[in-house]
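Colleague: Here's a sequence, model it:
(chains A and B)
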Amino acid sequence: EVQLLESGGGLVQPGGSLRLSCAASGFTFSSYAMSWVRQAPGKGLEWVSGISDNGRNSYFADSVKGRFTVSRDNSKSTLYMQMNTLRAEDTAIYYCAKTFTTSWYYDYWGQGTLVTVSS
Amino acid sequence: DIQMTQSPSTLSASVGDRVTITCRASQSINTWLAWYQQKPGKGPKLLIYKASNLESGVPLRFSGSGSGTEFTLTISSLQPDDFATYYCQQYNSYSWTFGQGTKVEIK
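Modeller: Predicted coordinates for the structure are as follows:
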């Protein structure tokens, strides 16, 4: 059974940093690209970042470019996102999502981790 | 970036109704479109990929159609478990974008 378990969310002050993790199991992690998608309270889904299966290529939404980085450790089946210079508008539930083969749509999602940016 | 626009934003319907949700892309995305269902407090669930392909395990009452810039998700006979929010997503080109969502409510 595919499982994606996010962690690392919490309350952080504006300008602060946070590192999210997503522990994957139930599939060959190193064979699939992965993404982070967020959802602000009461709002819709926003794609945030993506990383290729081997970690060589990463992609970011304009709203986080230059502030967020994404990485993966295929030996640990874990996806990461380092979030720096956080803003109030980054407050959201962050979901880890697995792509389906070579296409950037998502067949499995985690339960999400809440990031709150507030003083 | 490609913009995705869903309509309506909210839809009130009864059990047994046929329901149609529309998703429009700001430029052609061929058939590179997915549909998701999300319930409160849960991550989204994949329903349809490549515009019209039903994900394994998804009930046959769900169907998708369209190509280019116009797409639809249809629920042929709405069931109690279908009251949720639905999102389209284009994966034709980076950056991958979602529609704003359509909430299906009980009438």
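Colleague: residue of chain B with the smallest distance to chain A?
Modeller: Sorted by distance to chain A under Cβ to the nearest Cβ, the residues of chain B start with B:G43, at 3.4 Å. Where you see a C-beta, it was placed from the backbone N, CA and C, and this is true even at glycine.
Colleague: A:G50 versus the residue nearest to A:W104 when sequence neighbours are not counted, what's the distance?
Modeller: Distances taken as Cβ to Cβ, 6 or more residues apart in numbering or on different chains put B:Y91 closest to A:W104, at 4.2 Å, once the chain neighbours are dropped. According to Cβ to Cβ, to the nearest Å, B:Y91 and A:G50 sit 10 Å apart.
Colleague: list residues touching both of those two?
Modeller: Common contacts of B:Y91 and A:G50 (Cβ atoms under 8 Å, 6 or more residues apart in numbering or on different chains): A:W104.
Colleague: Do you know the pLDDT at B:S95?
Modeller: Per-residue pLDDT puts B:S95 at 83.
Colleague: what's it in contact with, if anything?
Modeller: Per Cβ under 8 Å, 6+ apart, neighbours of B:S95: A:47, A:59-62, B:1.
Colleague: got the contact list for the closest residue to chain B within chain A?
Modeller: Nearest to chain B in chain A, going by Cβ to the nearest Cβ, is A:W109, at a distance of 3.4 Å. Residues near A:W109 by Cβ under 8 Å, 6+ apart: A:4, A:37, A:95-98, B:43-45.
Colleague: top of those residues by neighbour count?
Modeller: A:C96 (29 neighbours; other Cβ atoms under 10 Å in any protein chain shown).
Colleague: Tell me who's in contact with it.
Modeller: Neighbours of A:C96 in contact, by Cβ under 8 Å, 6+ apart: A:4, A:6, A:20, A:22, A:24, A:34-36, A:79, A:109-110.
Colleague: out of everything not next to it in sequence, what's closest to it?
Modeller: Residue nearest to A:C96 in three dimensions, not counting chain neighbours: A:C22, with 3.4 Å by Cβ to Cβ, 6+ apart.
Colleague: So B:S12: helix, strand or coil?
Modeller: Put simply, B:S12 is strand when judged by DSSP: H, G, I helix; E, B strand; the rest coil.
Colleague: my bad, B:D81
Modeller: helix.
Colleague: May I have the residues that are in contact with B:T5?
Modeller: Contacts of B:T5 by Cβ under 8 Å, 6+ apart are B:23-24, B:26, B:99-100.
Colleague: what about 10 Å?
Modeller: By Cβ atoms under 10 Å, 6 or more residues apart in numbering or on different chains, the contact list for B:T5 reads B:22-26, B:69, B:88, B:99-100.
Colleague: okay, which residue is most central for the chain?
Modeller: This is for chain A. For chain A, A:W36 is the residue whose C-alpha lies nearest the centre (Cα atoms, centre = their mean; 2.9 Å).
Colleague: The chain in question should be chain B.
Modeller: Short answer for chain B (Cα atoms, centre = their mean): B:W35, at 3.9 Å.
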